[in-house]
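Take this sequence and fold it.
(2 chains)
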Amino acid sequence: MMNRFLSEAFRARPTETRNQGQRSPLVVTLDRRSAPRTIFSGDRLIDVDLPAGTRAVYPRQPLEPLKDVDAAIRYALNHPYGSDPLHAKLRPGMKVVIAVDDISLPLPPMRAPDVRERVLTIVLDLLANHGVDDFEIIIATSLHRRMTGPEVRHMVGAKIFDAYWPKRLYNHDAEDPKGMKEVGTTDHGEVIELNRKAVESDLVIYVNLNLVPMDGGHKSVTVGLCGYKSLKFHHEPHTMRRCHSYMDAGTPGASELSTRVNRMGRVTNKALNVFTIETTINNRMFDRPLEFLHKNEDDLSGGEQSALKGLKFALDALPQGARQAIFDRVPSPYGVTGVFAGETEAVHARTLARCDEQYVVPVEGQADILIAGVPYISPYNVHSFLNPLLVQVMAQGYLFNCYRNAPLVKKGGTMIITHPCSDRFDREHHAPYVEFFHNLLPETRDAAVLHKKYEEKFASNPAYIQMYRSGHAYHPAHPFFMWYWGEAGRQWLGKTIVVGADNAYVPKILGWETARTMNEALEMAKGNTPSPEITLLHMPPILMADVSGAPPIANPGHTNGAMTNGHGAEA
Amino acid sequence: MPASYFDVDGTLVRTNLLHPTLFYLVNQQTPMRSLGKLARMALRGPRIAFAELQDRRLFNELLFSAYEGMSEDRLLLLADDAFDAVIKKALYANAKDLVTRSRDQGHDVILVSGALDFLMERLAKHLGATGIIANKLEIANGVATGKLVRPVVAGPEKAKLIRDHARAHGHDLDDCFAYSDSYSDVPMLSVVGHPAAVNPDYRLAQLASAHGWPVLRMESPS
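A predicted model of the protein is given here:
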């Protein structure tokens, strides 16, 4: 009773949106009585007491999952968009390549059975029933690290793994000299080179898991099965500067990355017979013991408040490995919300609509200061540590880009993040990152200079390429891409301040300022604005702010017509 | 143009210096002669083993003394067989890919090994390497004396030989690569701008981790 009373008394004021079926408002304005907000700082949770008037943006509640996923998969294969049903495309003796998204999605990994296992099981039955026995399953890793056997087993299930790994189920190798083949060139001169097996097959079936709107569509085949030769046409600073935002793949012109990938994808689909299967999931990242992390702090029950306190205490007391294990060992109970199949663009339009249902949160106006907690995980550190370069990707890349129309923060505004920024790298997965971070970034943070002066040579380093091919390291081009991933954020923001860093030099290398406390960071961010508007992006789980009432973004990606380095100037 | 310097034993091939030596000892003109050579080698075994723990140069000198009395003709005559039977079969599965990629990047590829030059020449040809820095048996009157021509390629001497090679061929060491599996090759790894550990022993693995050097895993020959 007392808990309920306190909860009511300290409830923040809902100001904007309360959507149908949503138990709590998505956007709340805090007042003096509001409870502190609990946000991630790496693999810890911290409380931040934010000034009255701060606006907190929350993710939607998870969409209701499909009741019978297998039936939905069969229905999608038999009733595709813009294509014959899959069974009508099959004939005995044909060569089929099934390409599958890698484990960078979803985050954290999905509780078994992963939806890809379900799709593969049904597709493989269909192939067998139609006399197609010449097939291979390729994990579309592009320049990501090779997945390990146990990771593949988790993703595709024991039955498929035991039957096909590693001869007919294997990782894509973008550096196999005989394993890649050119498909064509766009009218903009972009060369498309893809996995030879896929190019020479009669049919490519792509099995996607669409976590965020940036995933899927033409990106699946054209990026997932390509190599450095093709990636360099869009994974480069000028493309990334023209993205507002790269999460907004559905609005024409909003993402230059999508524009280029789509252009290359259309050439790919003319040359290859592609059948796309896309799946969407809800945002139920945290299972029952941690489910309260989805909620507005003012809505926590007494039991949930105690559980949150207990969790914070445990995370503070445990060593880093154990902290990470708490999150890693609890796979997410995502629910499948959609299965769509057929022609790539027709399918992806449906996928994006379903993503929007789950992620889009309407927000009115921009803030002077954007606050975000950087969690312990990104698409690029599954089963390893979130190193400083990936902290940057999460902050100025993914979190900054979780918007449509206009960024949550005004041009030249400040982003405050919480993360320890420890100087720690996984020596195998992120081997080339170490040299990039400690040798190149101290030379310059200018993405254009890094791209022009260092990228090509670094990307062809034989030792790193060997680690990519026979170990489990990211390709040496990948740390460059990760820096470019934060480029739009760097160009837009006036400054970035990190709270809770355990050292000063890592933030300095990244071009960030440091503050010991959130209050200190807010004072630093205020500048000449006496009453700045503050917005807290309360993620994870994922949300995408649909920002209205902001001035239009003129000449996206450019500042007065010139490419500048934002606040990421020379170190 | 940069150069890539590869240690060989344990780095590109699974075998070590002992394996080809045993091949030569087993393939003497007569079985009795082979038995005699092997027996002498066995007697020296503990000393050689101890030397390996103490000093790579001494180890090489003791090991190659087993060649004493073999004719140069015979050494060269058996070289193809020794290469095929011992070294080629023990090449790591992706060793050739790594050398080829280095060559494709325009690198001068040099094998730096304590093994004997006539075997390394064959390996270099097989892999497409451009040169070797290897040990040479001293030959007098067409017969091996059991001594090595100085400088002996081992341990810290490898670093000096790499410096000399780079200087002579106009390579900037900051742009050069070096690969080894052994902590004893840290001097050689330390003189280049891009060192890498390959299937490293424990101490080298620790060092590579501390310095952020790439650690490559070579797959055993199938």
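
Quick one: neighbours of whatever residue of the stretch 251-400 of chain A ends up closest to chain B, just the number.
Nearest residue of the stretch 251-400 of chain A to chain B, counting by Cβ to the nearest Cβ: A:N387, 11.3 Å away. All C-beta spots, glycine's among them, are computed from the backbone N, C-alpha and C. For A:N387, the neighbour count with other Cβ atoms under 10 Å in any protein chain shown is 26.

Also A:G149?
11.

and if you look at B:I139?
Neighbours of B:I139 using other Cβ under 10 Å come to 16.

For it, which non-adjacent residue is closest in space?
The shortest distance from B:I139 to any non-neighbouring residue, by Cβ to Cβ, 6 or more residues apart in numbering or on different chains, is to B:E72 (5.1 Å).

Would you confirm that the one you found contacts B:A144?
Yes - using Cβ atoms under 8 Å, B:E72 is in contact with B:A144, at 6.9 Å.

These two: which is more packed in?
Taking other Cβ under 10 Å, B:E72 and B:A144 do not tie; B:A144 has more neighbours (23 against 15).

Is that one in a helix, a strand, or coil?
Under DSSP: H, G, I helix; E, B strand; the rest coil, B:A144 falls in the strand class.

Then the one 3 residues further on?
Classification of B:K147 using three-state DSSP returns strand.

Where is the longest helix in chain B?
If you go by DSSP state H, chain B has its longest helix at helix B:31-54.

List the buried residues for that one?
B:37, B:41, B:48, B:51-52 (16 or more other Cβ atoms under 10 Å in any protein chain shown).

Name the nearest residue to the residue most central in space within chain A, ignoring sequence neighbours.
Nearest residue to the geometric centre of chain A (Cα atoms, centre = their mean): A:P379, 5.5 Å. Nearest non-adjacent residue to A:P379, counting by Cβ to Cβ, 6+ apart: A:S104, 3.9 Å away.

Pretty sure that neighbour sits against A:H144.
Yes - using Cβ under 8 Å, A:S104 is in contact with A:H144, at 5.9 Å.

got the residues of chain B near chain A?
Residues of chain B found near chain A, taking Cβ under 8 Å from any Cβ of the partner chain as the criterion, are B:4, B:94, B:97-98, B:100-102, B:105, B:107, B:177, B:179, B:194, B:196, B:208-209, B:212, B:214-219.

just the helices in chain B please.
B:18-26, B:31-54, B:56-64, B:72-77, B:79-82, B:95-104, B:117-127, B:156-169, B:186-190, B:202-211.

Let me fix that, I meant to ask about the stretch 201-350 of chain A.
With helices called from DSSP state H, counting those that start in this stretch, the stretch 201-350 of chain A shows them at A:219-224, A:228-231, A:237-241, A:256-271, A:302-317, A:320-328, A:344-359.

any chance of those helices in TSV, plus distance to B:I87?
Formatted as TSV, these follow (distance: least, Cβ to Cβ, whole Å):
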stretch	distance to B:I87
helix A:219-224	40
helix A:228-231	33
helix A:237-241	47
helix A:256-271	44
helix A:302-317	54
helix A:320-328	42
helix A:344-359	50
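
Of these, which is nearest B:R163?
helix A:228-231 (33.0 Å; Cβ to Cβ).

which regions of chain B lie under the pLDDT threshold?
Chain B contains residues with pLDDT under 70 at B:222.

tell me the centre residue of it?
Taking Cα atoms, centre = their mean, chain B has its central residue at B:S113, 2.6 Å away.

Please name the nearest non-neighbouring residue to that one.
B:V8 (3.9 Å).

close enough to count as contact, the one you found and B:D117?
No - with contacts counted by Cβ under 8 Å, B:V8 stays clear of B:D117, the gap being 11.8 Å.

More neighbours: which of these two?
Using other Cβ under 10 Å, the more surrounded residue of B:V8 and B:D117 is B:V8, with 29 against 18.

show me what contacts that one?
B:111-113, B:115, B:120, B:123 (Cβ atoms under 8 Å, 6 or more residues apart in numbering or on different chains).

Could you let me know which of the residues you listed ends up closest to A:R153?
B:L123 (38.6 Å).

Tell me how many other residues surround B:T30.
For B:T30, using other Cβ under 10 Å, the count is 8.

how far away is it from B:G36?
Between B:T30 and B:G36 the computed distance is 9 Å (Cβ to Cβ, to the nearest Å).

which residues sit in contact with the closest residue to A:T54 other than its chain neighbours?
What sits nearest to A:T54 in space, not counting adjacent residues and going by Cβ to Cβ, 6+ apart, is A:I534, at 4.3 Å. A:I534 sits next to A:50-51, A:53-55, A:367-371, A:522 when contact means Cβ under 8 Å, 6+ apart.

Near A:L293, how many other residues are there?
19.

from what I can see it touches A:R284, true?
No - in this structure, A:L293 is not within contact of A:R284 by Cβ under 8 Å, at 10.9 Å.

now for the longest helix of chain B, which elements pack on it?
helix B:18-26, helix B:56-64 (3 or more Cβ pairs under 8 Å, 6 or more residues apart in numbering or on different chains; DSSP states H and E).

Now tell me what touches the first one from outside.
Judged by Cβ under 8 Å, 6+ apart, the contacts made with helix B:18-26 from elsewhere in the structure are B:34, B:37-38, B:41, B:63-64, B:66-67, B:70, B:75, B:78, B:81-82, B:85-87, B:90, B:115-116, B:119.

what's the answer for stretch A:77-87, then?
A:89, A:122-123, A:126, A:129-130, A:205, A:275, A:277, A:340-343, A:345-347, A:350.

how about the residues of the stretch 151-300 of chain A that lie near chain B?
Checking the stretch 151-300 of chain A against chain B by Cβ under 8 Å from any Cβ, the hits are A:P177.

Can you name the residues that contact residue 219?
Because you didn't say which chain, this covers chain A. Here A:K219 is in contact with A:258, A:261, A:265 (Cβ under 8 Å, 6+ apart).

meant chain B, my bad for not saying
A:470, B:92-94.

just to revisit the earlier point, A:A463 versus the residue nearest to A:T54, what's the distance?
A:I534 is 46 Å from A:A463, by Cβ to Cβ.
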